[in-house]
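Undergrad: 3D, please:
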Amino acid sequence: MADKTSNAGGGAGAHSVSIRDLSKYYGHHAAVDNVSLTVGQGEFLTLLGPSGSGKTTILMSIAGFVQPSGGDIMIDDRVITHLPPDKRNFGMVFQGYALFPHLTVADNVGFPLRVRDVAKDKAREKVTRALDLVQMGKFADRMPSQLSGGQQQRVALARAIVFEPDLLLLDEPLSALDKKLRADLQWELKSLHKSLGATFIYVTHDQEEALSMSDQVAILRDGRIEQKGTPTELYQKPATRFVADFLGKSNFLAGTVERTAGDDMAYAVDGQRFVQSRPERALSEGDSIVVSLRPEKIEVRGDEPEMPNRVQGRIEAFNFNGSSFELHVKTDTLGSLSVTTPTWRCAVTPEIGGTVWLGWDPDASTVVEDR
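TA: Sure, this is the predicted structure:
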């Protein structure tokens, strides 16, 4: 289930998507390597990963623009792997707006209806509704050249939903916009998803975008799914070092298990003992482990804290980010640690060379696979 309020149950026209053992080879290179995943009716799934991870190839395979080398794509229980793109009834939104410069906003949005021979009166109603959904109704008579980038992207969204597609596919639609406008449109996309009740599959390399909008996120690496789950699950409990490092910032502590009995386990780093909530996977004394510790889960103190995990260090560098301080603290045991602390509750006044104590609870960190 989603970890945010959503319409993940799906509207009446929502469809599920299943990918089974999907592969795409270019020569001997596997752009997508035996990927399987399911998107529930009305869910918002984001495919997230670095460049070359396979996310766009998967999206284009679903759209029908890329023919897979193997595997199947299904809508509900219907196999569509070899169905032409124009027979799939999917809406598509690209990074480039791809609006017709010689057509008005209304005519751009109505174009998919015209090629489907929808009656003019019915088409006019659908265009008006789609433009209202993206807050562009008053711009219906303008030309694309008279619109800002954000307005053009809204028009592209309206055009993609006007014919009530079975599925909406979005390929980095916000990446060309500035940071503030991107954030505004993220809220609007979430609202649009809730209003439509449709199934969305979204591609991005922006971690904040994926975390803020999605019901489910699939993190890709070298053509394979590294981990899939809700944004909260992936951020709080990353399975691998790659996921923890790619999805936000993290400190990595490499140690050796000393004790596994009880609710907590103990591990040592360079002779100093730390306590960690026991992971789900079995560990034995003497095992090497890697622990992921998010910067915002570390407390900064002037005096030694009464916490199970604590280490002293000196501030190497710091940034003031308005609502928070970002510190780099050099420790003898753990090397340099990145720490983020709210400005209003920072217990010390940061200064280069200043001595501080760092502390964290056993459940603040997560044991990850070292890959």
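
Undergrad: C-alpha only now, for contacts and for neighbours.
TA: Will do.

Undergrad: Please, which helix or strand holds S61?
TA: Secondary structure assigned from DSSP states H and E places S61 in helix 55-63.

Undergrad: which strands and helices sit next to that helix?
TA: When contacts are defined as 3 or more C-alpha pairs under 8 Å, 6 or more residues apart in numbering; DSSP states H and E, helix 55-63 packs onto strand 29-39, strand 167-171, strand 200-204.

Undergrad: quick one: strands adjacent to the longest one?
TA: In its sheet, strand 29-39 lies beside strand 17-26 (antiparallel), with partners assigned from DSSP bridges.

Undergrad: Between strand 200-204 and the strand it pairs with, find me the angle.
TA: 40 degrees (axes from the mean of the first three to the mean of the last three C-alpha atoms, to 10 degrees).

Undergrad: Would you mind putting the CA coordinates of strand 17-26 into PDB?
TA: The C-alpha atoms that make up strand 17-26 are tabulated as PDB, following Å, rounded to 0.1, in the frame of the first residue of the first chain:
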ATOM      1  CA  VAL A  17       0.300  -3.400 -15.600                       C
ATOM      2  CA  SER A  18       2.500  -6.500 -15.400                       C
ATOM      3  CA  ILE A  19       6.000  -7.000 -16.800                       C
ATOM      4  CA  ARG A  20       7.300 -10.500 -16.900                       C
ATOM      5  CA  ASP A  21      11.000 -11.300 -17.500                       C
ATOM      6  CA  LEU A  22      11.400  -8.300 -19.700                       C
ATOM      7  CA  SER A  23      14.700  -8.000 -21.500                       C
ATOM      8  CA  LYS A  24      16.100  -5.700 -24.200                       C
ATOM      9  CA  TYR A  25      19.500  -6.300 -25.800                       C
ATOM     10  CA  TYR A  26      21.500  -4.000 -28.100                       C
END
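
Undergrad: Buried residues in that strand, which are they?
TA: 17-19, 22-24 (16 or more other C-alpha atoms under 10 Å).

Undergrad: quick revisit: tell me the most buried of the helices and strands packed on helix 55-63?
TA: strand 200-204 (a mean of 25; mean count of other C-alpha atoms under 10 Å).

Undergrad: So which elements touch that strand?
TA: For strand 200-204, the packing partners by 3+ C-alpha pairs under 8 Å, 6+ apart are strand 44-48, helix 55-63, strand 167-171.

Undergrad: which among the buried residues of strand 17-26 gets closest to E208?
TA: V17 (24.3 Å; C-alpha to C-alpha).

Undergrad: Kindly export the helix holding S61 (C-alpha atoms) in PDB.
TA: Taking Å, rounded to 0.1, in the frame of the first residue of the first chain, the C-alpha atoms of helix 55-63 are listed here in PDB:
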ATOM      1  CA  LYS A  55      14.200   3.000 -16.900                       C
ATOM      2  CA  THR A  56      13.400   4.800 -20.100                       C
ATOM      3  CA  THR A  57      13.800   1.500 -22.100                       C
ATOM      4  CA  ILE A  58      11.200  -0.100 -19.900                       C
ATOM      5  CA  LEU A  59       8.900   2.800 -20.300                       C
ATOM      6  CA  MET A  60       9.300   2.800 -24.100                       C
ATOM      7  CA  SER A  61       8.700  -0.900 -24.200                       C
ATOM      8  CA  ILE A  62       5.400  -0.400 -22.300                       C
ATOM      9  CA  ALA A  63       4.500   2.300 -24.700                       C
END
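
Undergrad: who touches the helix or strand that that helix is followed by?
TA: Scanning forward in sequence from helix 55-63 by DSSP H and E, the next helix or strand is strand 70-75. Residues outside strand 70-75 that contact it (C-alpha atoms under 8 Å, 6 or more residues apart in numbering): 15-24, 34, 62, 79-81.

Undergrad: what about 10 Å?
TA: By C-alpha atoms under 10 Å, 6 or more residues apart in numbering, the surrounding residues in contact with strand 70-75 are 15-25, 32-39, 41, 61-64, 79-83, 88, 166-167.

Undergrad: Now do the helices in the chain.
TA: 55-63, 105-115, 120-133, 149-161, 179-196, 207-213, 231-236, 241-246 (DSSP state H).

Undergrad: Those helices: lowest mean pLDDT?
TA: For the helices of the chain, mean pLDDT drops lowest on helix 179-196, to a mean of 85.

Undergrad: Would you mind stating the distance between the closest residue to Q135 other than its chain neighbours and A130?
TA: Leaving aside its chain neighbours, Q135 sits nearest to R154 (7.9 Å; criterion: C-alpha to C-alpha, 6 or more residues apart in numbering). Relative to A130, R154 is positioned 10 Å away (C-alpha to C-alpha, to the nearest Å).

Undergrad: Overlap of the contact sets of these two?
TA: By C-alpha under 10 Å, 6+ apart, the residues touching both R154 and A130 are 136, 160.

Undergrad: State the distance from A261 to G71.
TA: Using C-alpha to C-alpha, A261 is found at 45 Å from G71.

Undergrad: Give me the more crowded residue out of these two.
TA: G71 (15 against 11; other C-alpha atoms under 10 Å).

Undergrad: looking at the chain, which helix or strand is least sure?
TA: In the chain, the helix or strand scored least confidently by mean pLDDT, DSSP states H and E is helix 179-196, which has a mean of 85.

Undergrad: centre of the chain versus that one, how much separation?
TA: Centroid displacement of helix 179-196 relative to its chain, using C-alpha atoms, centre = their mean, to the nearest Å, is 14 Å.

Undergrad: Direction-wise, compare that helix with strand 167-171 and give the angle.
TA: Going by the same axes, to 10 degrees, helix 179-196 makes 170 degrees with strand 167-171.

Undergrad: Kind regards, and thank you for your time.
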